[in-house]
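Novice: sharing a sequence plus its predicted fold:
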Amino acid sequence: MMKKLSFVSLFLGCGLAVSACTSWVVTPEKSASGRMILHKSRDQHVLPVDAHMMVTKKGARWMNIGSAGGATFQMNEHGVALTSNSGDSHMGKHKKLAKKLPPFNETFADTIKDAAAAAEMVRDYGRAGWRAKGGMYLVADAKRAFTIEVASGYGEMMEIPGWIYVISNSMHLGGCEGFMERPFTNFCSHRAREANTRAELQRTQVDGKYTVAGILKTSRLSGGPTPFNRFSLSAVCFEVDPEFPEMIGCAYIALGPQQHTVYIPTPMALEQFPEDMQSGKWAARAFALRMKVGDDHQYLPRIEALEAEFLAEFDAVREAARKLLREGKRDEAKKLLNDTFTSHYTRAKELLKRIAEAAGVEPDPPILKREDEKKYMKILADKAPKPEAQPKKPENKDK
């Protein structure tokens with residue numbers, strides 16, 4: 001039994017690199033800030049991701065980071081955050097909707113006030129046939145977090161018991177795991193990615209707690225069995241505030257490959273993202289830098305140094321805004337938060353412009369489209385480290 005366990009552990013630790021999104025939850029008892037953290041590294045497709053502050057017809061605001069490639073990161077004014085991963089690209093047959101459903105995003109913004117309600121909504125939409133190929137979701141509010149899986153008209157949910165939970169693109173819950181049609185090797189590669197992500201996160205702990213800085217550091221790994229940057233075009237880290245989620249709930253947003261752009265702290269109080277973050281230009285510039293200099297490059301320390309300044313400044317501003325909000329000075333708090341975001345955005349843009357000029361990257365590269373995908377995916381695959389060839393066994397000539 002011990003030999004078998006050792007072999008399995010070794011196999012998982014040496015899993016093949018795969019292209020897949022990876023998401024995780026850190027619950028408040030293991031978070032250094034005491035806040036719920038929900039993170040997603042998006043590692044599929046080359047389409048740039050854009051960011052928007054949306055308003056429904058009923059006046060509900062929500063932060064939406066997405067793309068035509070299907071990435072989903074959302075947080076509403078009640079402090080409910082949501083991420084989605086593709087469950088599998090080879091799911092069962094398409095099932096027609098059992099009934100017409102209201103738009104998912106607007107319903108999430110208008111009606112969902114806690115993580116339990118969000119989980120039930122995702123599950124029920126899945127059971128109505130909403131996600132034909134299968135999807136994996138994480139939802140969290142300030143106190144509770146859930147994972148939900150939907151596949152071909154089925155939906156299952158589970159409350160995350162605590163501490164840390166990691167998912168890649170492989171189904172876990174009993175009701176949906178049977179719909180997997182991926183080869184066994186791919187299945188184990190995704191499991192290896194989850195195990196290695198957990199191990200890498202543990203290495204960044206401070207006094208046994210997980211920090212935002214450590215999470216962002218982990219998201220920048222490249223190569224090997226946890227290759228966030230092999231096909232990655234974005235990552236978002238939500239930090240849910242229990243007291244004023246509609247104002248100082250925060251998303252740390254990297255539009256573009258994480259090693260080639262700056263995570264910008266973005267409060268829910270933000271009125272609107274700058275134009276180039278809405279249009280995909282910001283992500284396109286980061287992707288162009290990545291194609292020019294590769295994953296391991298000399299500019300990352302400068303990016304991380306500026307980012308560390310942002311994290312420290314935002315922590316101080318968030319507490320100042322909290323004090324203003326407690327005093328009923330909502331407009332002053334909103335201005336402080338928005339001004340801080342504008343300052344961070346401007347400084348990040350200036351640094352990335354200087355880096356692009358030094359690297360010889362054009363200042364305004366084209367925004368990639370669906371028809372560009374195969375070309376750039378092939379280039380990225382060709383650049384990825386190849387597994388070492390195993391020596392052939394000598395033939396047995398005595399047969």
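Specialist: That came in fine, so what should we check first?

Novice: okay, now the unreliable bits of the stretch 1-150 of the chain?
Specialist: 1-19, 44, 67-71, 88-99, 131-133 (pLDDT under 70).

Novice: all strands for it, in order.
Specialist: Taking DSSP state E, counting those that start in this stretch to define them, one finds strands in the stretch 1-150 of the chain at 22-26, 36-42, 50-55, 61-66, 72-76, 81-86, 135-140, 145-151.

Novice: again with the stretch 151-300 of the chain
Specialist: 154-159, 164-167, 234-240, 250-255, 264-267.

Novice: direction included, what does the longest one pair against?
Specialist: Within its sheet, strand 234-240 is paired with strand 36-42 (antiparallel), strand 250-255 (antiparallel), according to DSSP bridges.

Novice: state the distance from residue 141 to residue 30.
Specialist: 16 Å (C-beta to C-beta, to the nearest Å). (Each C-beta comes from the backbone N, C-alpha and C, glycine too.)

Novice: neighbour count: these two, which is higher?
Specialist: Shown here are residue 141 and residue 30; by other C-beta atoms under 10 Å, residue 141 has more neighbours (26 against 17).

Novice: now the more buried one. Nearest residue, chain neighbours left out?
Specialist: Take residue 141 and drop its neighbours on the chain: the residue closest to it by C-beta to C-beta, 6 or more residues apart in numbering is residue 115, 4.2 Å away.

Novice: and for residue 297?
Specialist: Leaving aside its sequence neighbours, residue 297 sits nearest to residue 259 (C-beta to C-beta, 6+ apart; 7.2 Å).

Novice: what do you get for residue 291?
Specialist: Counting by C-beta to C-beta, 6+ apart, residue 291 lies nearest to residue 379, which is 7.2 Å off, once chain neighbours are set aside.

Novice: is it true that the one you found lies in a helix?
Specialist: Yes - checked against DSSP: H, G, I helix; E, B strand; the rest coil, residue 379 lies within a helix.

Novice: show me what contacts the residue nearest to residue 297?
Specialist: Applying C-beta atoms under 8 Å, 6 or more residues apart in numbering to residue 259 gives the contacts 220, 222, 229, 290, 295, 297, 300, 303.

Novice: give me the number of residues near the first one?
Specialist: Using other C-beta under 10 Å, the number of residues around residue 220 comes to 21.

Novice: show the pLDDT at it.
Specialist: Residue 220 is assigned a predicted lDDT (pLDDT) of 90.

Novice: ok, it to residue 376 distance?
Specialist: When distances are taken as C-beta to C-beta, residue 220 and residue 376 turn out to be 20 Å apart.

Novice: same thing with the fifth one?
Specialist: Here residue 295 is placed at a distance of 15 Å from residue 376 (C-beta to C-beta).

Novice: neighbour count: these two, which is higher?
Specialist: The neighbour comparison of residue 295 against residue 376 (other C-beta under 10 Å) goes to residue 295, with 23 against 16.

Novice: excluding chain neighbours, what is closest to the more buried one?
Specialist: Nearest residue to residue 295 in three dimensions, chain neighbours excluded: residue 222, at 4.0 Å (C-beta to C-beta, 6+ apart).

Novice: can you show me the helices along the stretch 251-399 of the chain?
Specialist: 275-279, 281-293, 300-326, 330-359, 373-383 (DSSP state H, counting those that start in this stretch).

Novice: which one of those helices lies nearest to residue 165?
Specialist: Among the helices of the stretch 251-399 of the chain, the nearest to residue 165 by C-beta to C-beta is helix 300-326 (23.5 Å).

Novice: the closest one vs helix 281-293, what angle?
Specialist: 160 degrees (axes from the mean of the first three to the mean of the last three C-alpha atoms, to 10 degrees).

Novice: quick check: mean pLDDT across helix 300-326?
Specialist: Helix 300-326 carries an average pLDDT of 98.

Novice: check stretch 196-204 too.
Specialist: Stretch 196-204 shows a mean pLDDT of 92.

Novice: still on that earlier bit, who wins for proximity to residue 101 among the strands paired with strand 234-240?
Specialist: Closest approach to residue 101 among the strands paired with strand 234-240 is made by strand 36-42 (23.8 Å; C-beta to C-beta).

Novice: ok, and what's touching that closest one?
Specialist: In contact with strand 36-42 (C-beta under 8 Å, 6+ apart) are residues 21-28, 31, 49, 71, 73, 81-83, 85, 138-143, 145, 210, 212, 215, 219, 228, 232-240, 258.

Novice: residue 285 and residue 259, how far apart?
Specialist: Counting by C-beta to C-beta - residue 285 and residue 259 are separated by 14 Å.

Novice: what's the answer for residue 244, then?
Specialist: Distance from residue 244 to residue 259, counting by C-beta to C-beta: 33 Å.

Novice: was I right about residue 25 contacting residue 145?
Specialist: Yes - contact criterion C-beta atoms under 8 Å: residue 25 and residue 145 qualify, at 4.6 Å.
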